[in-house]
Structures are given as C-alpha cells and as structure tokens.
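Peer 1: Return a 3D structure for these sequence lines:
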Amino acid sequence: MDWLERLRLVERAADPSDRRATQVRSTRDSERLLRLRRRQLVELLSGPLSDVPDEQRDRFVRLLADLNAVLAGAPDEPRRARQASGARKGAGGL
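Peer 2: Below you'll find the model as predicted:
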C-alpha cells in the first residue's frame with residue numbers, strides 16, 4: 001500500500017465512522033492511468049479479435065473479467081461480470 005501511495009495512485013483517509021480504521025481511495029492519477037490502460041488494451045485487442053465471432057469474443061471478455069476479479073480478490077465479481085455481460089448480450093452484444 002505504501003508504494004501505491006508514494007506513486008500517488010491511492011490516498012489514505014480517516015474513516016469517519018471508526019477512528020481506528022483507515023479508508024483507501026483511488027486518486028485522479030490512478031483513475032487516469034486506469035482509463036489509459038483500458039484504452040490501450042482495447043486498441044491492442046481490437047485487431048486480433050476483429051475476426052473472432054461475437055459469441056467467442058463475449059466469452060473471452062467474460063473470462064478476462066473473471067480473472068481480473070479473482071486477481072483483485074473479489075470472489076463475487078465473476079458472477080456480476082457474467083450477469084452484466086448477459087444483459088449486454090441481450091442488448092446487442094459487444
């Protein structure tokens with residue numbers, strides 16, 4: 001956590017409801033970096049994935065969301081990602 005704070009990607013703040021706790025918040029810099037990395041990933045994958053059928057591309061995106069959630073330590077996120085993907089699929093897919 002300290003190194004993320006040194007890089008100004010997160011900031012700590014006192015928890016207003018519990019003096020013993022500290023909240024960790026993302027900074028504007030980290031939000032910008034995340035948006036940049038997402039754009040770069042989309043650009044990187046858009047060429048190779050352009051010939052992949054929609055169903056397979058949707059599955060790949062769901063698997064990436066699952067992997068990301070597992071790596072982030074959020075066990076219920078893969079389920080939410082699949083549910084959101086299913087809702088998008090009904091609205092025309094990706």
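Peer 1: Only C-alpha atoms from now on, for both contacts and neighbour counts.
Peer 2: Fine.
Peer 1: So for the protein, which residue is the most central one in space?
Peer 2: Asn68 (6.6 Å; C-alpha atoms, centre = their mean).
Peer 1: Listing partners with orientation, what would you give for the longest strand seen in the chain?
Peer 2: Longest strand of the chain, by residue count under DSSP state E: strand 18-26. Sheet pairing for strand 18-26, assigned by DSSP bridges, gives strand 10-15 (antiparallel).
Peer 1: Would you mind listing the buried residues in the strand it pairs with?
Peer 2: By 16 or more other C-alpha atoms under 10 Å, the buried positions in strand 10-15 come out as Val10, Glu11.
Peer 1: hmm, what's the outermost residue in the protein?
Peer 2: Distance to centre of the chain, C-alpha atoms, centre = their mean, peaks at Arg19 (29.8 Å).
Peer 1: For Arg25, see how far away that residue is.
Peer 2: Arg19 sits 16 Å away from Arg25, going by C-alpha to C-alpha, to the nearest Å.
Peer 1: next one: Gln40
Peer 2: From Gln40 to Arg25 the distance is 24 Å (C-alpha to C-alpha).
Peer 1: Same question for Pro16.
Peer 2: To Arg25, Pro16 is 14 Å away according to C-alpha to C-alpha.
Peer 1: what's the answer for Glu55, then?
Peer 2: For Glu55, the distance to Arg25 - C-alpha to C-alpha - is 36 Å.
Peer 1: Next: Arg8.
Peer 2: From Arg8 to Arg25 the distance is 11 Å (C-alpha to C-alpha).
Peer 1: how deep is Arg59 tucked in, by neighbour count?
Peer 2: 13 (other C-alpha atoms under 10 Å).
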